[in-house]
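K.L.:
Let me see the structure of the following:
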Amino acid sequence: MPLSALPGRLAYVVGDSHPWSSGSYAARVHRVACALARAGIEVIVFGRPGLPWDMAPTSDDIEPELRIDGVRHVFLPGSAPPGASRRDRLRHAETALAEAFGIFRPALVLAASDWENAEPALNAARRWGCGFWCEQFGFWERVPGAEHPGFAGTEEAARIRANALRVAQAAQGVLVQSAAMRDELAAAGLPPSRLHMAADGFPAIPPTPPRAERLRQRRALGLGARFVIGHAGALCPEDGADGLLALLDRLVRAGIDAALLLPAPPAMSAPQTALAARIRAEAGRRGLAKRLVFAARPPGDRAAGWMRMADALVLPRRAVPATALAAAPEPWLAAACGVPMVSSDIPPLNRIAGVTGARLCPADDPEALVAALTEIAETPQPEPVFDPDPALRWTARIAPAAAILRAACGAGTARRAADRVPPAPGGFDLRQLPQVALRGVLTPATLAVLGPGRGLPAEARAAGERPIRLTRANILGTLATAAPGLFVIDWAGLQDEPGEWDGLWGSDHMRLNRQVMDACRIALDRGWRVQVIGPVDRARAPLFRTVAGVVEEVAPQEAAR
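P.N.:
Okay, here's the model as predicted:
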């Protein structure tokens with residue numbers, strides 16, 4: 001019988017996220033995660049299995065767990081083998097997520113698009129036994145090839161759309177961020193009652209600092225020009241980043257003292273790093289190297305400080321399938337920052353320009369973009385005063401969806417209870433262990449050891465206590481039936497003699513970690529004292545956090561004092 005879900009805990013499975021990306025997708029999912037957390041939901045963001053290791057497989061500098069603006073992010077290593085088929089990749093991701101759900105025990109799973117990210121989460125949620133929702137941005141925003149205009153008419157595009165609709169039909173509810181996406185899903189047959197708007201809105205950010213402070217920050221980055229243009233999008237062709245240096249060149253030749261501020265590419269994004277290198281090389285050839293600055297853009301709403309260093313922001317997004325239907329949070333943040341923005345006149349950007357105040361230019365029209373920026377540069381800009389309609393703030397626009405998801409988290413727990421899963425916090429069901437029937441046969445013991453046990457307390461040995469050596473076969477039964485005493489996990493010793501416990505608390509061994517988590521729960525329920533002989537290296541043992549709050553971590557010489 002599986003463990004119960006934790007009420008109020010939501011697993012948010014995303015295909016891309018900070019800090020590995022700075023694009024609209026990552027910005028959107030981060031804002032959603034933060035909003036749901038502020039609404040009282042315990043959110044854990046799970047990157048698609050393999051992210052970010054499949055972006056830079058040789059990197060050793062990856063933390064499996066991060067907290068970004070207070071939201072917990074968990075990254076699951078172990079991509080499918082190179083050359084694996086799409087079906088094998090999806091099954092691999094499903095297995096990794098199912099194991100993670102068994103450890104983290106969400107009451108509800110919410111998966112962001114695209115369908116290849118959402119389908120494994122759907123199947124894993126079914127295996128775990130909780131409810132499933134999906135969040136549909138567009139159909140092709142993360143699909144290779146969708147940056148080309150003709151992609152929408154291909155068989156591949158039609159197949160992807162059909163798969164996305166199939167996953168959405170299987171979900172209990174669907175979050176959408178634009179009326180266009182809602183109408184698209186409704187026209188495809190999804191009941192309107194299952195479609196819930198979570199449209200972008202104005203974020204709550206600190207007031208704009210004085211201009212002198214913004215200028216000081218600019219000079220610290222080497223931005224000495226009078227007019228600084230910031231790129232609000234991602235460092236990718238579909239957001240027009242590859243044409244910005246030519247734009248800068250035309251402005252400088254027109255006599256405008258301009259500079260270009262671009263987001264530094266995430267460390268492990270090979271495509272963005274390659275594009276940044278090409279832009280730098282082009283700047284050198286054009287004599288613009290001193291007018292080009294790459295600076296890291298903080299995640300989420302903290303990007304406001306980065307945007308405020310610019311005198312104008314641009315989002316010259318191209319009209320390609322990758323940008324169709326999926327909205328962008330950048331114009332809302334730019335408006336909240338009080339920085340003039342120029343964006344492409346394409347859906348859905350043109351649908352929000354009336355409230356964000358963005359100036360629109362035809363897509364792929366450099367002449368119009370130069371004219372708009374020239375006008376901004378030559379027109380004195382007043383100090384920004386931001387006082388939007390409260391109904392257009394992000395907190396107000398996400399609130400209805402957050403309330404529904406909060407209720408759904410409770411419904412997910414009730415569903416597992418209806419399936420005869422013990423309610424939280426009931427702990428491990430001892431009756432499933434056959435050793436319980438032999439309770440009187442086993443020899444009572446007060447010392448049970450997982451690992452070599454070289455750091456065992458001298459007091460225990462002097463008293464003649466014979467340790468019970470715990471194996472994966474006997475650990476649960478021993479802790480459930482033996483006389484409660486001291487349960488010692490010799491993590492330090494396992495580093496030299498791991499045996500069958502190799503990989504304990506590492507991210508690659510979910511079943512092993514779950515077994516030890518169950519063992520600790522059994523021991524504590526029965527009154528054992530649990531010690532871990534460390535120190536435990538959190539970088540090598542990131543899942544130690546699953547038990548760290550209920551065990552004593554001690555040095556070998558301190559054990560059982």
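K.L.:
so which strand or helix has R317?
P.N.:
Counting by DSSP states H and E, no helix or strand carries R317.
K.L.:
Show the contacting residues for it.
P.N.:
Contacts for R317 (CB atoms under 8 Å, 6 or more residues apart in numbering) come out as G233, E238, D239, G240, T323, A328, S343, S344, I346, L349, A363. To be clear about C-beta, it is placed using only N, CA and C from the backbone, and glycine gets the same treatment.
K.L.:
try 6 Å
P.N.:
D239, T323, S344 (CB atoms under 6 Å, 6 or more residues apart in numbering).
K.L.:
Run through the residues that contact the second one.
P.N.:
Translated: T323. For T323, the contact set (CB under 6 Å, 6+ apart) comprises E238, R317.
K.L.:
Tell me how many other residues crowd A180.
P.N.:
The number of residues packed near A180 is 17, by other CB atoms under 10 Å.
K.L.:
Secondary structure element holding it?
P.N.:
Going by DSSP H and E, A180 is part of helix 179-187.
K.L.:
re the thing from before, which of the contacts of R317 fall within strands?
P.N.:
Those of the contacts of R317 mapping onto strands are S344, per DSSP state E.
K.L.:
and which of the contacts of R317 is nearest to A396?
P.N.:
Sorting the contacts of R317 by how near they are to A396, with CB to CB, puts T323 at the top with 26.3 Å.
K.L.:
What is the end-to-end distance of stretch 166-181?
P.N.:
15 Å (CA to CA, to the nearest Å).
K.L.:
buried residues in it?
P.N.:
Going by neighbour count (16 or more other CB atoms under 10 Å), the buried part of stretch 166-181 is V167, A168, A171, G173, V174, L175, V176, Q177, S178, A180, M181.
K.L.:
how distant is the helix holding A180 from the center of its chain?
P.N.:
26 Å (CA atoms, centre = their mean, to the nearest Å).
K.L.:
which other residues reach that helix?
P.N.:
Here helix 179-187 has contacts from Q136, V176, P192, L195, L325, P348, using CB under 6 Å, 6+ apart.
K.L.:
Adding pLDDT, secondary structure and distance to P498 as columns, could you present the residues you listed in TSV?
P.N.:
As requested, these are arranged in TSV below (pLDDT from 0 to 100; DSSP: H, G, I helix; E, B strand; the rest coil; distance: CB to CB, whole Å):
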residue	pLDDT	secondary structure	distance to P498
Q136	93	strand	44
V176	94	strand	48
P192	94	helix	55
L195	96	strand	50
L325	79	coil	50
P348	84	coil	53
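K.L.:
Can you lay out these as JSON lines showing distance to R514?
P.N.:
JSON lines is the format used below for the contacts of helix 179-187 (distance: CB to CB, whole Å):
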{"residue": "Q136", "distance to R514": "32"}
{"residue": "V176", "distance to R514": "35"}
{"residue": "P192", "distance to R514": "40"}
{"residue": "L195", "distance to R514": "36"}
{"residue": "L325", "distance to R514": "39"}
{"residue": "P348", "distance to R514": "43"}
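K.L.:
For these, which PyMOL command selects only the ones that are buried?
P.N.:
To isolate the buried members of these in PyMOL, using 16+ other CB under 10 Å:
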select buried, resi 136+176+195+325+348
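K.L.:
And the contacts of helix 179-187, which is closest to P542?
P.N.:
Q136 (31.2 Å).
K.L.:
Pretty sure that closest one sits against S113.
P.N.:
Yes. Assessed by CB atoms under 6 Å, Q136 is found in contact with S113 at 5.1 Å.
K.L.:
you'd agree R545 is in a helix?
P.N.:
Yes. Under DSSP: H, G, I helix; E, B strand; the rest coil, R545 falls within a helix.
K.L.:
Look at it and say how many residues are nearby.
P.N.:
Count around R545 with other CB under 10 Å applied: 15.
K.L.:
Quick check: it vs V74, distance?
P.N.:
The gap separating R545 from V74 is 10 Å, by CB to CB, to the nearest Å.
K.L.:
Repeat that for A241.
P.N.:
Taking CB to CB, one finds A241 at 30 Å from V74.
K.L.:
Then L215?
P.N.:
In terms of CB to CB, L215 sits 40 Å off from V74.
K.L.:
In terms of packing, which of the two has more residues around it?
P.N.:
Counting neighbours by other CB under 10 Å for L215 and for V74 shows that V74 has the greater number, 19 against 14.
K.L.:
And the next helix or strand past the helix-or-strand element of the chain with minimal mean pLDDT?
P.N.:
For the chain, using mean pLDDT, DSSP states H and E, the weakest element among its helices and strands is helix 458-462, scoring a mean of 53. Counting by DSSP H and E, the next helix or strand C-terminal to helix 458-462 is strand 468-469.
K.L.:
State the next helix or strand along the chain beyond that next one.
P.N.:
Strand 468-469 is succeeded, C-terminally, by helix 475-481 (DSSP H and E).
K.L.:
who's in contact with the helix or strand following that next one?
P.N.:
Of the helices and strands lying after helix 475-481 in sequence (DSSP H and E), the nearest is strand 486-489. Residues outside strand 486-489 that contact it (CB under 6 Å, 6+ apart): L447, A448, V449, L450, A523, W528, R529, V530, Q531, V532, A560.
K.L.:
For R291, state which of those residues is nearest.
P.N.:
V532 (55.3 Å).
K.L.:
Give me the three-state assignment for that closest one.
P.N.:
strand.
K.L.:
Isn't it up against P556?
P.N.:
No. In this structure, V532 is not within contact of P556 by CB under 6 Å, at 11.1 Å.
K.L.:
which element is the nearest residue to V370 once chain neighbours are set aside on?
P.N.:
Among residues not flanking V370 along the chain, R250 sits closest, at 5.2 Å (CB to CB, 6 or more residues apart in numbering). In this assignment (DSSP H and E), R250 forms part of helix 244-253.
K.L.:
Filter the contacts of strand 486-489 down to just the buried residues.
P.N.:
L447, A448, V449, L450, A523, W528, V530, Q531, V532, A560.
K.L.:
residues contacting P77?
P.N.:
P77 touches W53, S507, D508, counting by CB under 6 Å, 6+ apart.
K.L.:
Dump the residues you listed into JSON lines; add pLDDT as well.
P.N.:
Formatted as JSON lines, the contacts of P77 follow (pLDDT from 0 to 100):
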{"residue": "W53", "pLDDT": "81"}
{"residue": "S507", "pLDDT": "79"}
{"residue": "D508", "pLDDT": "77"}
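K.L.:
Just the buried ones from these?
P.N.:
Looks like the contacts of P77 have W53, S507 buried, using 16+ other CB under 10 Å.
K.L.:
quick check, nearest of the contacts of P77 to I103?
P.N.:
S507 (10.4 Å).
K.L.:
so how far is L405 from that closest one?
P.N.:
S507 is 27 Å from L405, by CB to CB.
K.L.:
Other residues contacting stretch 39-51?
P.N.:
Contacts for stretch 39-51 (CB under 6 Å, 6+ apart): 8-13, 15, 17, 33, 36-37, 71-76, 79, 93, 96, 104, 117, 402, 406.
K.L.:
State the pLDDT value of P57.
P.N.:
On pLDDT, P57 comes in at 51.
K.L.:
thought D257 was touching L223?
P.N.:
No. With contact defined as CB under 6 Å, D257 does not reach L223; the gap is 11.1 Å.
K.L.:
the more surrounded of these two?
P.N.:
Remark: of D257 and L223, L223 carries more neighbours, 21 against 13, as counted by other CB under 10 Å.
K.L.:
Could you pull out the strands in the stretch 301-450 of the chain for me?
P.N.:
312-315, 341-344, 359-361, 447-450 (DSSP state E, counting those that start in this stretch).
K.L.:
export those to JSON lines and tack on distance to L288?
P.N.:
Formatted as JSON lines, those follow (distance: least, CB to CB, whole Å):
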{"stretch": "strand 312-315", "distance to L288": "16"}
{"stretch": "strand 341-344", "distance to L288": "20"}
{"stretch": "strand 359-361", "distance to L288": "22"}
{"stretch": "strand 447-450", "distance to L288": "62"}
